[in-house]
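[1] Below is the sequence, then the predicted model.
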There are 2 protein chains.
Amino acid sequence: MDFERVRRFAEIRREYGSGYINLNPIQRGGILSEAARRALLEFGDGYSVCDWCPPKTPRLDMIKRPPIADLYQDIAEFLGMDVVRVVTRCREAKFIAFRMLGKPGDYVVVDANAHYSTYLAAELAGLRVKEIPHSGYPDYRVLVELYEDKIKEVIRETGKPPAAALLTHVDHNYGNLSDAKAVSDICHRFGVPFVLNAAYTAGVMPVNGRELGVDVLVSSGHKSWAASAPTGILALTEEIAKVVLARSSIVGDWSGKSFPEKELALLGCTVMGAPLASLMASFPYVVERVQRWGEEVEKARYLCQQLERIEETRVLGEKPKRHTLMQVESLGLYEVSKKHKRRGYFLYDELKARKITGIQPGLTKHFKLNTYGLSWEEVRYVAASFIEIAEKYGLGVS
Amino acid sequence: MDFERVRRFAEIRREYGSGYINLNPIQRGGILSEAARRALLEFGDGYSVCDWCPPKTPRLDMIKRPPIADLYQDIAEFLGMDVVRVVTRCREAKFIAFRMLGKPGDYVVVDANAHYSTYLAAELAGLRVKEIPHSGYPDYRVLVELYEDKIKEVIRETGKPPAAALLTHVDHNYGNLSDAKAVSDICHRFGVPFVLNAAYTAGVMPVNGRELGVDVLVSSGHKSWAASAPTGILALTEEIAKVVLARSSIVGDWSGKSFPEKELALLGCTVMGAPLASLMASFPYVVERVQRWGEEVEKARYLCQQLERIEETRVLGEKPKRHTLMQVESLGLYEVSKKHKRRGYFLYDELKARKITGIQPGLTKHFKLNTYGLSWEEVRYVAASFIEIAEKYGLGVS
């Protein structure tokens, strides 16, 4: 092993970590609170939350110091669900639900705006998918009324309903908010467990699973709960928890050992340290901030309106915006890129020069951004910067 | 939501976090390096390592800033393996291996000293286990030569070899070091993939998978790599990587979407932030510290010898110790506990008064501890404290 080469890993720094306005669509809801920063260091060491693991029920969700058991109960109340577990990622929560609700070969119905990890979670659980179409360009609305047809199609084809139906509450491409209640009503008429992927909603906006008729609500701590990666939320009704959190039943053939207190699909304990502490310490901040969601949407609408003043530029997805994530289509900036010696990277360069980051380098025709948590001053500065760049390259601004 | 009640989560502190000598058997190898502490804060925000995700191959292992791709290569070299992925936990690494190497109903052969998470990983993958016996009290040595009989038994019963055979390199109960080469020789004669659970070895002692004939080496960052939880190491030979890291093949039936660049069993990306940064920053320290393993074992042997001076006290497992984790059996301390008003908690109280923690409260007859990373001064202090407590309660000390 070359020690000299290896030594550099000790000095890693995050480039553009501070002093920049970061518009990265996946990062805005995961910026830590100050309390979370303190908690990270306090619980940085491996297995740091296990100091007081109860000897008779050694399981993460039973720990009272730090108050993990209480946190899970309070998150459940916050989400209008009965039972909560923190798992390693939202995608793991989806896998756990699919694995425990389905049998290999079963179908799961998902919306066509679903994240790739939804598809992989189904595939790893051995399930097949049937997709609910969206409306296509430029709105890409999920056609939620089609869940009924699709469930019926599965019943016709297999003789039984799908193992589950999943709706992406707000999707990662357009930031469209879909009508969860409409889908849950359909699902419940057919006895199909309804999974809501709230990775972009729970933790930033008010979400109540009970009001929406959700059976399994999954979310992402590092995306929307001001927590470090990797953290996922798995929130369940009491009834569905009996299936999804089923205990281990394996028995050692020689030793006779068994582990009836362990939750099988969680593989026992999950996030045994720092990221869970960050999620816990940020929770009061999260509970408070979801109440300010209305103003967050106003800021997104303001930026949307300003960007659309630029020649041949529109925000895709539903409008008016009901979420802070947006995909911008700019044929104007794209035309500029064709003649620029830096090609598409000119936009990245121009933004970087203005201390704005998080838009994928090289993109101009379609790019995504998220205004969540920016101040009005920052949003106005971002809008003015785009308009300044457009004008610099001779694009019209209405 | 009761804000007043929720607010307390922001103030969580780790009790006995510093100023104490912590003997907790699962925590000694996971104490962060100073570099890891800095990296935790630097990369605390959610998705912090994703700033420079390559747009054309958006996958954690392809990221060069911070140098994740390089880190994976260097860890592979360090372990004598070809391909490495950091996953969320050692148990997830075991699940991934079992899920991809086996089919539901297949067998996996495991040693009877295996951790509960090995059994759960097999169960979640739909596999059955056959156990290799240990020698029983007081040594509990895994009878590694029996892997041959057990593999033959599986072949007789099912007509084919087991999906994999797993050996726990050092186990969590006795700290016994098992002969991995002996097991790999047997496995390879029968064409059975050999999985080595190096959760208690890789990262604290020198381990070379190539020399040991390992096909899949799994380890735990928060247990043995001076990293925050949750982090697991999945290290593979190039040949077995083709199976274990197989890509996704699911296709959306309406959208036609597919994700052929994503590694299925990893669900795409895994540890997208702080704990991975801590593992990276600690890696130079880990590479250096494994060279000092000999002295770590000496310290464990010293403590073992001192504890056995106490009346009716012995260290279980193989001796002389070849690892720093040990299980102590003390009929002497147990007799004291029977008459003490605090019962078994007297030992915990006495140790706490001496600023020693990490031994499970209430236990006296059998308890586990780990000396890894303690200074000679600390080990001597721990030994003297136990002897002082024994003498205080009238036990003989030879």
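    Cool, got the structure. Because the structure is predicted, anything quoted here is derived from the model rather than measured.

[2] who in the stretch 201-350 of chain A is up against chain B?
    Within the stretch 201-350 of chain A, the positions near chain B by CB under 8 Å from any CB of the partner chain are A:220-223, A:226-230, A:248-250, A:252-255, A:257, A:259, A:262, A:264-265, A:267-268, A:270-275, A:277-278, A:280-285, A:287-288. The C-beta positions use only the backbone N, C-alpha and C, and glycine is treated the same way.

[3] what about residue A:392, how many neighbours?
    Other residues near residue A:392 come to 11 when the count uses other CB atoms under 10 Å in any protein chain shown.

[4] which ones are touching it?
    Contacts for residue A:392 (CB atoms under 8 Å, 6 or more residues apart in numbering or on different chains) come out as residue A:350.

[5] and if you look at residue A:367?
    Contacts of residue A:367 (CB under 8 Å, 6+ apart): A:327-328, A:330, A:347, A:359-360.

[6] And for residue A:296?
    A:204-205, A:324, A:371-373.

[7] Let me know the closest of those to residue A:79.
    Residue A:79 has its nearest neighbour among the contacts of residue A:296 in residue A:205, at 11.8 Å by CB to CB.

[8] Correct me if wrong: the closest one contacts residue A:294.
    No. Applying CB atoms under 8 Å as the test, residue A:205 and residue A:294 come out as separate, 9.1 Å apart.

[9] which one of those two has more residues nearby?
    More crowded of residue A:205 and residue A:294, by other CB under 10 Å: residue A:205, with 25 against 9.

[10] List the contacts of the more buried one.
    A:290, A:293, A:296, A:323.

[11] Please name the bridge partners of it.
    residue A:202 (DSSP bridges).

[12] so what pLDDT did it get?
    Listed pLDDT for residue A:205 reads 98.

[13] In the stretch 251-398 of chain A, which residue sits nearest chain B?
    Taking CB to the nearest CB, chain B has its nearest neighbour within the stretch 251-398 of chain A at residue A:273, 3.1 Å off.

[14] and stretch A:152-167, which residues are buried?
    A:154, A:161-167 (16 or more other CB atoms under 10 Å in any protein chain shown).

[15] Closest one of the residues you listed to chain B?
    Nearest to chain B among the buried residues of stretch A:152-167, with distances taken as CB to the nearest CB, is residue A:154, at 11.2 Å.

[16] does that closest one count as helix, strand or coil?
    helix (DSSP: H, G, I helix; E, B strand; the rest coil).

[17] so where does residue A:328 fall, helix or strand?
    strand A:325-330 (DSSP states H and E).

[18] Figure out how far that strand is from the centre of its chain.
    How far strand A:325-330 lies from its chain's middle: 18 Å, per CA atoms, centre = their mean, to the nearest Å.

[19] What of stretch A:374-385?
    Per CA atoms, centre = their mean, the centroid offset for stretch A:374-385 relative to its chain is 24 Å.

[20] residues near the nearest residue to residue A:323 once chain neighbours are set aside, how many?
    Spatial nearest neighbour of residue A:323, chain neighbours left out: residue A:175 (4.0 Å); criterion: CB to CB, 6 or more residues apart in numbering or on different chains. Taking other CB under 10 Å as the criterion, the count of residues near residue A:175 is 27.

[21] and what of residue A:208?
    There are 14 residues near residue A:208, going by other CB under 10 Å.

[22] With the one 3 residues further on instead?
    Close neighbours of residue A:211, defined as other CB under 10 Å, add up to 12.

[23] Which ones among the contacts of residue A:205 lie within helices?
    A:293, A:296 (DSSP state H).

[24] Next, format the contacts of residue A:205 as JSON lines and append pLDDT.
    Putting those into JSON lines (pLDDT from 0 to 100) gives the following:
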{"residue": "A:290", "pLDDT": "98"}
{"residue": "A:293", "pLDDT": "98"}
{"residue": "A:296", "pLDDT": "98"}
{"residue": "A:323", "pLDDT": "98"}
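
[25] from the contacts of residue A:205, which is closest to residue A:312?
    Closest approach between those and residue A:312, by CB to CB: residue A:323, at 23.8 Å.

[26] That closest one and residue A:317: what is the separation?
    Residue A:323 is 9 Å from residue A:317, where distance means CB to CB, to the nearest Å.

[27] where do the contact lists of those two overlap?
    In contact with both residue A:323 and residue A:317: A:175-176, using CB under 8 Å, 6+ apart.

[28] Which residue ranges of the stretch 151-300 of chain A form strands?
    A:164-168, A:194-197, A:216-220, A:232-236 (DSSP state E, counting those that start in this stretch).

[29] CA atoms only: put the shortest one into CSV for me.
    The reference is to strand A:194-197. What follows is strand A:194-197, C-alpha atoms only, in CSV (Å, rounded to 0.1, in the frame of the first residue of the first chain):
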residue,chain,number,x,y,z
PHE,A,194,-51.0,2.0,-1.0
VAL,A,195,-47.4,3.1,-0.8
LEU,A,196,-46.7,6.9,-1.0
ASN,A,197,-43.2,7.9,-1.9
